[in-house]
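**Q** what's the 3D shape of this:
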Amino acid sequence: MKPVYQYLRDFREDHGITQTHIAKKTGKTVQRISALETGTIRLTADELVELCIIGYGITPAIFFADMFSQNEKVS
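**A** As a prediction, the model looks like this:
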């Protein structure tokens, strides 16, 4: 299973969302979004919830369901 931060990028790209869009919606910099998606900086639970709800417009439960369904496809 990939780390959660890799699924952040996968989810965003799979849904045609740019880092710039997420940055504008959340008030974060594009550099921070990039660092979160590459694991350069640590992703906190609070930040993950914020990215899901404000950035992607979904609940964390939907994000994790998508993450686990992606993992099942690989297995």
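**Q** which strands and helices sit next to the longest helix seen in the chain?
**A** Selection of the longest helix in the chain by residue count, based on DSSP state H, yields helix 60-74. With contacts defined as 3 or more C-beta pairs under 8 Å, 6 or more residues apart in numbering; DSSP states H and E, the packing partners of helix 60-74 are helix 4-14, helix 45-50. From N, CA and C alone the C-beta is placed, and that goes for glycine too.
**Q** how far off helix 60-74 does the first one point, in degrees?
**A** Taking axes from the mean of the first three to the mean of the last three C-alpha atoms, to 10 degrees, one finds helix 4-14 and helix 60-74 inclined to each other by 90 degrees.
**Q** buried residues in helix 4-14?
**A** Within helix 4-14, the residues that count as buried by 16 or more other C-beta atoms under 10 Å are Tyr5, Tyr7, Leu8, Arg9, Phe11, Arg12.
**Q** Ok, the last one next?
**A** Of the residues in helix 45-50, those scored as buried under the neighbour-count criterion (16+ other C-beta under 10 Å) are Glu47, Leu48, Glu50.
**Q** which strands and helices sit next to that helix?
**A** Partner elements for helix 45-50 (3+ C-beta pairs under 8 Å, 6+ apart): helix 60-74.
**Q** neighbouring contacts of the helix it packs on?
**A** With contact meaning C-beta atoms under 8 Å, 6 or more residues apart in numbering, helix 60-74 is reached by Met1, Lys2, Val4, Tyr7, Asp10, Phe11, Leu48, Val49, Cys52, Ile53, Tyr56.
**Q** Of those, which pair is most distant in space?
**A** Maximum pairwise distance among those (C-beta to C-beta): 23.3 Å, between Met1 and Ile53.
**Q** For these two, indicate the residue with more neighbours.
**A** Ile53 (15 against 11; other C-beta atoms under 10 Å).
**Q** got a pLDDT number for the nearest residue to that one once chain neighbours are set aside?
**A** Excluding the flanking residues, the one nearest Ile53 by C-beta to C-beta, 6 or more residues apart in numbering is Thr59, at 6.9 Å. Looking at Thr59, its pLDDT reads 96.
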